[in-house]
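>>> A predicted structure for the sequence below; I have some questions about it.
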Amino acid sequence: MKRAYPQLDITASSLVGSASELTSTYSNSVETSREFREKWGGTILFHTDATKLENTLSPDSGPKFDLCLFNHPHLGDATLQSSEKHHARRHYVLLCHYFHSAKQFLNERGRIHVCLCGNQPDTWQLIKAAASNGLKLSNQETTVVPVEKWLFRDGEDALVAATVEAHYPCPRKYRNGKLGSKHFLGKYGYRHRRTGGDLYGGNDNDMTVHQSVNFVFEINTSSIECQKNQESVMEGSETRCCICRVAFESKDALHKHLIAPALPDIMTGDFIHGREETQYQNDHKEKMAKTETTVTPSSESQLPVCLPLENAITIVEARVEKRFDSKRIKWLCRQEDFAFSKYIKSKKQCTEVIKSGRIYVNGTAATDSGRIVLENDIISLIEATVQEDTIPASKECEGQKLQENLGVKILEDRPLENQSLSSSRLVVAYKPVGIRVVGSFSPNTLEMIITKKMSAKSSNSQKLACVPVSKLDTGCAGLCLLVVAKTITEATIPPALQVTYKFIVLVHGTVPDEWQAGIYVKLLKNGERKWKRQKTDTDILERNEGRGVVDPHENTKEEIGISKSELDLEDSLLITCIDTLTSADNGNKTTLSTLSIQSKHDSGRLCSVISFVLRKLGYPVVNDRFCKRELAALPRRMRNILKQKICIECHSLDIEVDPMTRTIVDYPPHRRTQCSYWKDILDPLNNDSPNKVL
């Protein structure tokens with residue numbers, strides 16, 4: 001903050017007791033502390049509790065501040081994770097006492113800041129904690145927005161961020177959003193670290209902070225809560241804290257809480273935690289020791305029956321061993337030597353199952369993927385309550401993906417109005433990237449998936465036959481047309497059937513203005529992909545020169561003809577420009593165009609043909625594997641979002657069975673093909689929508 005805004009008078013504070021303890025916890029704080037004190041003349045207060053600032057500062061004679069900031073408050077106590085309700089409640093208490101303490105050191109126009117991530121603002125009841133202390137929300141913004149845009153009041157001294165010097169930036173993972181959120185001060189050295197810092201012994205040394213948001217509060221003078229009497233102990237027999245409103249068993253317990261509100265384990269009637277929960281685990285351990293059988297995923301008859309999992313079918317159940325103590329569920333479930341790994345194959349799959357409430361810990365559903373488990377905890381995986389889930393519910397399909405979950409969607413299903421083809425039906429389906437259209441060699445091809453889906457929908461569950469009309473490339477997502485019938489002989493493509501494919505494409509560069517009205521491009525005779533092309537000496541030389549993948553059509557002598565006159569779409573493309581983007585980032589200019597392309601040509605590689613034609617025209621498709629140099633010139637934050645997905649998609653089919661029967665099926669194209677989407681990413685501050693949050 002001081003590097004970005006040197007004119008600010010900043011007092012830093014830390015909960016650790018001394019400078020030596022700070023440097024032993026965070027190794028990078030050695031140089032940071034020296035620079036803050038020597039170059040900027042700043043003051044660092046140690047042993048400062050955010051819930052009891054009066055122990056370090058004097059409310060009467062001490063300084064009054066314009067702003068009090070707290071980035072990602074957290075108790076850093078892993079044992080709180082054993083009860084999600086307790087974890088959220090303890091941090092609600094932390095926020096309440098932080099607001100109460102910080103409010104005492106504000107001047108007349110002072111404000112209080114806090115930065116939270118993910119669903120913390122909701123589960124920790126941030127707004128309620130502020131309102132109970134007479135505060136109201138005055139502003140909120142994501143961490144990518146410059147600080148001067150949201151932290152300071154309108155009309156105050158106009159602050160402009162200082163120049164970033166060479167030694168300021170921190171490691172890339174803190175700046176590119178790899179840990180969940182980009183931070184404006186990242187280029188000045190801002191890092192978000194775990195409470196344990198270098199002393200943390202887990203696998204993830206850096207805590208992820210997805211969807212981080214800055215909240216700024218000011219005193220609400222009209223609030224009734226502001227007039228509450230802040231007594232330490234209320235009259236009568238009531239023992240409820242006036243700040244956080246938590247009830248205690250005795251006045252002595254309340255008194256200890258008020259002395260140190262942030263200390264772990266407040267024992268209230270709302271929670272079963274600490275010693276009581278440990279006793280439960282010990283009792284359960286004794287029950288497990290008396291059980292002669294072991295828990296295995298292959299025999300449901302051997303599963304313990306002590307867990308109250310009502311109205312659920314348990315697939316597998318396992319006990320947490322000592323070596324897995326204090327680990328997170330999302331990590332544990334994917335370990336090869338843990339029983340759940342037989343059913344959970346990926347990190348994404350694990351997170352979805354946990355958040356859907358299909359994993360129980362000691363009989364209670366765990367909905368937080370960051371939940372900490374302890375030794376002797378009993379973890380259960382239950383059968384899905386919905387058909388479309390990512391985890392197999394029986395042994396027949398364990399370890400495999402269900403075909404319904406490959407992302408295939410049936411958008412249109414209607415019979416062919418032809419007596420000779422009375423049993424045939426036309427089916428339009430959406431196919432994601434990575435699924436091959438034609439083939440019966442695998443159950444995961446589009447042909448086999450549609451066959452199974454349509455067979456399941458038939459009244460007598462008869463196995464049907466399927467013949468694809470479209471042969472969309474495996475690497476391209478979009479709509480495909482198929483014919484389904486009772487037998488393979490009936491599943492024939494009508495001779496008069498014509499299909500017009502409409503693609504949406506994102507390309508490098510700004511196309512000519514005449515493309516906005518539409519141009520026709522004649523397809524080349526050698527436009528088909530020659531996958532079997534033999535390598536030549538020239539190809540080997542090009543690889544050795546570092547040019548990477550060789551384009552088999554790069555040296556073709558056939559020229560592409562462009563015409564404004566209408567051509568037959570059977571062997572041509574109609575290209576129309578619908579949007580353009582020009583963005584400057586650190587002196588590098590990025591130009592993109594979104595094109596709409598129509599054609600009736602379909603020999604099985606239409607996506608590849610379109611990519612080849614656009615390369616020849618000088619406007620390659622974004623993420624085309626033959627155009628690595630153009631991709632490398634894009635901003636890093638754009639490449640991080642693109643990953644390996646090519647920006648071309650078939651989003652519309654115009655189907656004509658005969659001159660009297662015509663059907664148009666549309667599907668919303670992916671946002672990565674839209675220039676408008678990248679405008680919001682590359683130029684978020686110039687976006688006209690004030691409520692848009694990246």
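Thanks, I have the structure now. Residues are numbered from 1 along each chain as shown.
>>> Alpha carbons only: can I get the helix or strand that residue 650 is a member of in CSV?
Take DSSP states H and E as the rule and residue 650 turns out to sit in strand 648-658. As requested, C-alpha coordinates have been extracted for strand 648-658 and formatted as CSV (Å, rounded to 0.1, in the frame of the first residue of the first chain):
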residue,chain,number,x,y,z
ILE,A,648,-14.7,-22.1,-32.9
GLU,A,649,-18.1,-23.6,-32.3
CYS,A,650,-21.1,-24.7,-34.4
HIS,A,651,-24.1,-23.0,-32.8
SER,A,652,-26.9,-23.2,-35.3
LEU,A,653,-28.3,-25.8,-37.8
ASP,A,654,-30.7,-24.9,-40.6
ILE,A,655,-32.3,-28.3,-41.5
GLU,A,656,-34.4,-28.7,-44.7
VAL,A,657,-35.8,-32.2,-45.2
ASP,A,658,-37.8,-31.1,-48.3
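>>> Need the residues that contact that strand.
With contacts defined as C-beta atoms under 8 Å, 6 or more residues apart in numbering, strand 648-658 is touched by 416-418, 426, 428, 470, 472, 476-481, 494, 496-506, 607, 610-611, 621, 662-670, 673. Heads up, the C-betas are built off the backbone N, CA and C, glycines and all.
>>> quick one: low-confidence parts of the stretch 51-200 of the chain?
Applying pLDDT under 70 to the predicted model, the residue ranges of the stretch 51-200 of the chain that meet it are 78-82, 154-157.
>>> Okay, strands next: where are they in it?
For the stretch 51-200 of the chain, the strands defined by DSSP state E, counting those that start in this stretch occupy 65-68, 106-116, 135-142.
>>> For the chain, spot the helix or strand the model is least confident about on average.
Within the chain, no helix or strand scores below helix 275-290, which has a mean of 45 by mean pLDDT, DSSP states H and E.
>>> I'd like the next helix or strand past that helix.
Reading on from helix 275-290 to the C-terminus, the next helix or strand found by DSSP H and E is strand 314-319.
>>> List the pairing partners of that following strand within its sheet, with orientation.
In the sheet containing strand 314-319, its partner strands are strand 378-382 (antiparallel), by DSSP bridges.
>>> could I get the strands of the stretch 51-200 of the chain as a markdown table with mean neighbour count and distance to residue 54?
Output for the strands of the stretch 51-200 of the chain, formatted as a markdown table (neighbours: other C-beta atoms under 10 Å; distance: least, C-beta to C-beta, whole Å):
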| stretch | mean neighbour count | distance to residue 54 |
| --- | --- | --- |
| strand 65-68 | 18 | 13 |
| strand 106-116 | 18 | 13 |
| strand 135-142 | 17 | 18 |
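>>> tell me what the longest strand belonging to the chain is packed against?
For the chain, the strand that runs over the most residues, judged by DSSP state E, is strand 572-585. Contacting strand 572-585 under the criterion 3 or more C-beta pairs under 8 Å, 6 or more residues apart in numbering; DSSP states H and E are the following elements: strand 519-522, strand 588-599, helix 675-682.
>>> out of those, which comes closest to residue 65?
Between residue 65 and the helices and strands packed on strand 572-585, the shortest gap by C-beta to C-beta is with helix 675-682, which sits at 35.1 Å.
>>> what's the angle from the closest one to strand 588-599?
Calculated by axes from the mean of the first three to the mean of the last three C-alpha atoms, to 10 degrees, helix 675-682 forms an angle of 160 degrees with strand 588-599.
>>> Show me what helix 675-682 is packed against.
Using 3+ C-beta pairs under 8 Å, 6+ apart as the contact definition, the elements that helix 675-682 packs against are strand 572-585, strand 588-599, helix 636-642.
>>> before we move on, the earlier item: can you list the strands that the longest strand of the chain pairs with?
The pairing partners recorded for strand 572-585 under DSSP bridges are strand 519-522 (antiparallel), strand 588-599 (antiparallel).
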